[in-house]
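> what's the 3D shape of this:
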Amino acid sequence: MIRGSIRRYYDGENDFEDLIKLIETANVTFQRVQKKGTEKSPEYNDEIQFNYTKGLADYRSHLYKRVDGIKSEFTNEVISQSSRFEKLVFISSKVAELQRAINNLSQSATGFSHSSFTFSNLSAEEGVRVSLTEADIQEYYEVMKKYSDQAMDHIKILEASVQNSSNDDFPQLKPVAPDPNEPSNSKPLAFFDYFYASRGFTRFHNNFYPNSDEDYYNVASIDKDKEVVTYEEYNPEDGEPYTYTREFKQELLDKVYSEFLKAKKFIDAQVNSLDSEASINLFLKLLLYQLRHLHNALEKYPEATKYDTNHYVLKAFVRFIFDKYEPFVENHKEVNYFKKILNPNAEPQPNIVPSPVTQRMLPHKEVVMAFKWVANPA
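I've put the predicted structure just below:
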């Protein structure tokens, strides 16, 4: 089994494109993998992969999910086209694309065959002699035929519905409700309110670790003390293995840093949109109140407070406001409170430098500079 290839090829972002990938080829791979036993008495599993899925049940599951997704997401794509003519053009292009993929599979009195059938024995150099032919994978072809026909039938029914309707007959997409945790001009700190006050950090932390059988499939090791997950994958081109790691501290830093930059832009945009000094003062005053609330929430949040990054980002916002909008906040009663947070033993300096631990985990020069919390006047 070439582990990891499912994640690479079938990401679920576009069900129609994934369906095409699942049926336009018939790539079969064999590999003998040692699972148990000792060096003297090893035990092996023979693993067969079809179009980068883990056997017949997994292939059927992927097809089912893609066809089911097409019945909802593809329909919405059709509805989103602005006119009846554009809807028909869109559907026709997809019908042609799907038909080209389906045409690779043919059926005769002896069974199915696929014009793009290939077989690779990744264990051949180890002396394993295995050769699979199309006669060995007829069940895969039957499943391929079943679900590709279902997808085509649905698209054809949709096409007929559009052909028999006018522009006004076809439903319009309902607007998607805005995410309350997404920042905006009026709520630039919405994400951090969710992350700390509403304890969204816990969900982010839990989602770092594998949560399903598919997630665990290509996990090589999990170090919960260092919060590092190591994955083992194989290059589908040459079958060579490689590993990569994910570090929670690094992913937390990347997430918080990107949200920090996003929120800064919204703060600037809101200040620029206000037409009086009083309204700017009020907006910044409310921001400082919210930052104090977030700081207090973080201090009472044991799971999140142990990470330096969570503290530095709140200090970063305060430093940004103090540096860029000092005339509007210099008389605010929260200033002394925030000065103590920024530097409890002295007056705050122009920069706040992260701890050595945080410095070591910074990914590159740009982020190192950002985590010195220098306000960018641009």
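
> show me the strands in the chain, by range?
Along the chain, counting by DSSP state E, strands occupy 26-37, 42-50, 105-108, 111-114, 117-121, 219-223, 228-234, 241-247.

> dump the ones you listed to a markdown table, plus mean neighbour count and distance to residue 254.
In this view, the C-beta of every residue, glycine as well, is placed from N, C-alpha and C. Output for the strands of the chain, formatted as a markdown table (neighbours: other C-beta atoms under 10 Å; distance: least, C-beta to C-beta, whole Å):
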| stretch | mean neighbour count | distance to residue 254 |
| --- | --- | --- |
| strand 26-37 | 16 | 33 |
| strand 42-50 | 16 | 32 |
| strand 105-108 | 12 | 43 |
| strand 111-114 | 18 | 42 |
| strand 117-121 | 16 | 36 |
| strand 219-223 | 13 | 19 |
| strand 228-234 | 17 | 15 |
| strand 241-247 | 12 | 10 |
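
> right, and those - which one's nearest residue 264?
Closest of the strands of the chain to residue 264 is strand 241-247, at 25.2 Å (criterion: C-beta to C-beta).

> partners of the closest one in the sheet?
Paired strands of strand 241-247, with direction, are strand 228-234 (antiparallel) (DSSP bridges).

> which one, of the strands of the chain, ends up nearest to residue 267?
Taking C-beta to C-beta, strand 241-247 is the member of these nearest to residue 267, at 29.6 Å.

> quick one: the closest one to strand 219-223, angle?
Relative orientation of strand 241-247 versus strand 219-223 (axes from the mean of the first three to the mean of the last three C-alpha atoms, to 10 degrees): 30 degrees.

> how is the chain partitioned into domains?
In terms of domains, the chain is parsed into 5-163, 190-211+248-370 (source: automatic domain parsing).

> out of the ones you listed, nearest to residue 230?
domain 190-211+248-370 (11.5 Å).

> what number of residues are in the vicinity of residue 256?
Close neighbours of residue 256, defined as other C-beta atoms under 10 Å, add up to 23.

> ok, it to residue 191 distance?
As defined by C-beta to C-beta, to the nearest Å, residue 256 lies at a distance of 9 Å from residue 191.

> please apply the same query to residue 263.
Residue 263 is 7 Å from residue 191, by C-beta to C-beta.

> quickly list what's touching both of these two.
Residues touching both residue 263 and residue 191 by C-beta atoms under 8 Å, 6 or more residues apart in numbering: residue 183.

> quick revisit: tell me which of the domains of the chain sits nearest to residue 232.
Among the domains of the chain, the nearest to residue 232 by C-beta to C-beta is domain 5-163 (10.9 Å).

> and the closest one, average pLDDT?
The average of the pLDDT scores along domain 5-163 is 84.

> flag the shaky bits of the stretch 251-378 of the chain, pLDDT-wise.
330-335, 339-378 (pLDDT under 70).

> what segments of it are helices?
With DSSP state H, counting those that start in this stretch as the criterion, the stretch 251-378 of the chain has helices at 277-299, 302-305, 308-324, 326-329, 335-342, 356-361, 365-370.

> which of those sits closest to residue 17?
Of all these, helix 365-370 comes closest under C-beta to C-beta, at 33.4 Å.

> so residue 260 makes contact with residue 313?
Yes. Assessed by C-beta atoms under 8 Å, residue 260 is found in contact with residue 313 at 5.4 Å.

> higher neighbour count, these two?
Using other C-beta under 10 Å, the more surrounded residue of residue 260 and residue 313 is residue 313, with 24 against 21.

> is it true that that one touches residue 192?
Yes. When contacts are counted by C-beta under 8 Å, residue 313 is listed as touching residue 192 (7.3 Å).
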